[in-house]
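Enquirer: Sequence below, structure please.
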Amino acid sequence: MASTATALHPQFRPPSHPRAPRRIRTYPPTLRFTIRAAAASTSAPAQREAEAGVPWGCEIESLESAASLERWLTASGLPEQRLALEKVDIGERGLVALKNVRNGEKLLFVPPSLVITADSEWTNREVGEVMKRYSVPDWPLLATYLISEASLEGSSRWSSYIDALPRQPYSLLYWTRTEIDAYLVACPIRERAISRIGDVIGTYNDLRDRIFSKYPDLFPEEVYNMETFRWSFGILFSRLVRLESMDGRVALVPWADMLNHSPEVDAFLDYDKSSQGIVFTTDRSYQPGEQVFISYGKKSSGELLLSYGFVPKEGTNPNDSVEFLVSLNKSDECYKEKLQALKRHGLSECESFPLRVTGWPVELMAYAFLVVSPPEMIQRFDEMAVAASNKGSAKPAVNYPELDEEALQFILDCCESSIKKYTKYLEGAKGSAEVSINSKQATRTLLLKQLARDLCISERRILYRSQSCVGD
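Expert: Residues are numbered from 1 along each chain as shown. This next block holds a predicted model:
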């Protein structure tokens, strides 16, 4: 349940007078596992074995650990629930209704004492003090907090929660670079996946160089390393929520984060001041035994795969879109002037615009007008660039009837080019990643291939639909 994107590679300011840490206990042997050294490039960690993981958490479908979590939450103040955690068809585990649930009913009521935020108390206070002295932003702070609490096992009050978290979150962070290149070759989300992995690596390297290396007794490398940070950021991207009624604070909400997403609902988690708990209000009724859903936000299928590791069934996501790539023609005699106009308004020669199932944005049409405009319209290049950037004080009218046919043909040609890439992948013309003889790895490979195929089919469907609209 990740929320809005955030900068992951902060520049930390060291404290004026850092205190030397005192020696703490040695971590148990079960936590000392080997991990390849993280390199500065995005490709090095991507080549690790897919089975590599952390020594805490559970298999994604585990109900035993989830039952322990529910018992601990109840003992810690979670009120009686109208929902139960069970195996479900969508999402491995999910919350289902125990009784009839009415439309507009508030559910959960998780008290703030059972919510993890940047203000949560650290079991290892010395680690928390160091992190706060360096003014670490919320996301890297929470990632480090999860690792710190997980490494303490039963000594942490959050041990039952951590035991119920997936050992390997469903996220593109857990795809190797080989898998990303092979399976997402036609999908624009590939670049964002590579960028996100690079951001996580950069954040870890920054923390290691600025903080961890200065306090090796508090931050031993066998615990705080690239593998554990990949896990903790995978948890944050897939489970962190932004609570608007708590001043936009980001939080992990145990029990609530067992709710799965449906694009057909608009129910969101938030803090309810009257009950002083985290709730969501249903926007439909549920029968006993029926899985209850919330919305993770109005996200495209590619965005859902990026953070959560799933792709909705084709045609079921009303918020679906595909990043549509367009660019200037370098052989255009006005290429230089058009590029300068774009740059003056924060754009480049190659841009992407969200092509949605409901249509395309006016900014795309403005960009297309600029691409096809003749030299005699040079005085209007700037107004086209302004419209393409949507940064004007008032939304300018995008109306150049003399260019309509050429602009639409340009969009048609770009659609056709993108469709060919998807079709080539789907027909198997592109090679795939090497399949391990290990049965677990073989199962994983089949799963990733299916996810990539589902995404390609969904995105190609949007392109076909747009192509049809232009043709009409």
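Enquirer: Can you give me the distance of the closest residue to Pro140 other than its chain neighbours to Ser274?
Expert: For Pro140, ignoring the flanking residues on the chain, the nearest one in space by C-beta to C-beta, 6 or more residues apart in numbering is Thr203 at 5.4 Å. (C-beta placed from N, C-alpha, C; glycine too.) Counting by C-beta to C-beta, to the nearest Å, the separation of Thr203 from Ser274 is 38 Å.
Enquirer: how about stretch 355-362: buried residues?
Expert: 355-357, 360-362 (16 or more other C-beta atoms under 10 Å).
Enquirer: from those, which ones fall inside strands?
Expert: 355-356 (DSSP state E).
Enquirer: Quick check: of the buried residues of stretch 355-362, which lies closest to Val386?
Expert: Val362 (11.8 Å; C-beta to C-beta).
Enquirer: For Trp175, see how far away the closest one is.
Expert: 35 Å.
Enquirer: So which of Thr203 and Ser274 has more stuff around it?
Expert: Thr203 (22 against 7; other C-beta atoms under 10 Å).
Enquirer: Helices of the stretch 351-472 of the chain, start to end?
Expert: Using DSSP state H, counting those that start in this stretch, the helices of the stretch 351-472 of the chain run over 362-372, 381-389, 404-426, 439-471.
Enquirer: could I get the ones you listed as TSV with mean pLDDT?
Expert: Below are the helices of the stretch 351-472 of the chain laid out as TSV (pLDDT from 0 to 100):
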stretch	mean pLDDT
helix 362-372	96
helix 381-389	95
helix 404-426	95
helix 439-471	90
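Enquirer: coming back round to it: from the buried residues of stretch 355-362, which one has the minimum pLDDT?
Expert: Least confident entry in the buried residues of stretch 355-362, by pLDDT: Val357, with 84.
Enquirer: mind listing what that one touches?
Expert: 317-318, 320-321, 462, 465 (C-beta atoms under 8 Å, 6 or more residues apart in numbering).
Enquirer: what's the distance between the most far-flung residue of the chain relative to its centre and Glu337?
Expert: In the chain, the residue that sits farthest from the middle, by C-alpha atoms, centre = their mean, is Glu376; the gap is 45.1 Å. Plainly put, Glu376 is 12 Å away from Glu337 if you go by C-beta to C-beta.
Enquirer: could you pull out the strands for the stretch 51-200 of the chain?
Expert: For the stretch 51-200 of the chain, the strands defined by DSSP state E, counting those that start in this stretch cover 83-87, 93-97, 106-110.
Enquirer: Can you lay out those as TSV showing mean pLDDT?
Expert: Output for these, formatted as TSV (pLDDT from 0 to 100):
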stretch	mean pLDDT
strand 83-87	93
strand 93-97	95
strand 106-110	96
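Enquirer: As TSV, the ones you listed with mean neighbour count and distance to Asn329 would be great.
Expert: Converted to TSV, the strands of the stretch 51-200 of the chain look like this (neighbours: other C-beta atoms under 10 Å; distance: least, C-beta to C-beta, whole Å):
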stretch	mean neighbour count	distance to Asn329
strand 83-87	17	54
strand 93-97	20	50
strand 106-110	19	54
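Enquirer: Out of these, which gets nearest to Met226?
Expert: Of those, nearest to Met226 by C-beta to C-beta is strand 93-97, at 27.5 Å.
Enquirer: Now do that closest one: which elements does it pack against?
Expert: strand 83-87 (3 or more C-beta pairs under 8 Å, 6 or more residues apart in numbering; DSSP states H and E).
Enquirer: The strand it packs on: how far from the chain's middle?
Expert: 25 Å (C-alpha atoms, centre = their mean, to the nearest Å).
Enquirer: same check, this time on stretch 266-280
Expert: Worked out by C-alpha atoms, centre = their mean, stretch 266-280 lies 23 Å from the chain centre.
Enquirer: and it, how far apart are its ends?
Expert: End-to-end distance of stretch 266-280 (C-alpha to C-alpha, to the nearest Å): 10 Å.
Enquirer: what's in contact with that stretch?
Expert: Stretch 266-280 has contacts (C-beta under 8 Å, 6+ apart) with 1, 79, 106-112, 115, 241, 243-246, 251, 253, 256, 259, 281-283, 293-295.
Enquirer: which of the residues in it are buried?
Expert: 267-272, 277-280.
Enquirer: distance of the residue farthest from the centre of the chain from Glu333?
Expert: To Glu333, Glu376 is 11 Å away according to C-beta to C-beta.
Enquirer: just Cys469 next, same as before
Expert: Distance from Cys469 to Glu333, by C-beta to C-beta: 31 Å.
Enquirer: Looking at those two, which has the bigger crowd around it?
Expert: Cys469 (14 against 9).
Enquirer: thought Phe381 was touching Lys336?
Expert: No - using C-beta atoms under 8 Å, Phe381 is not in contact with Lys336; the gap is 10.8 Å.
Enquirer: Please compute how far stretch 223-230 lies from its chain's middle.
Expert: Mean-position distance between stretch 223-230 and its chain equals 18 Å (C-alpha atoms, centre = their mean).
Enquirer: Run a quick neighbour tally on Glu105.
Expert: So Glu105, with other C-beta under 10 Å, has 14 neighbours.
Enquirer: For it, give me its contacts.
Expert: 281-282.
Enquirer: got it, and Leu236?
Expert: With C-beta under 8 Å, 6+ apart, Leu236 has these contacts: 2, 139, 142-143, 146, 252.
Enquirer: Flag every buried residue along stretch 317-324.
Expert: 317, 319-324.
Enquirer: Narrow those to those in strands?
Expert: In strands, judged by DSSP E, the following of these are found: 321-324.
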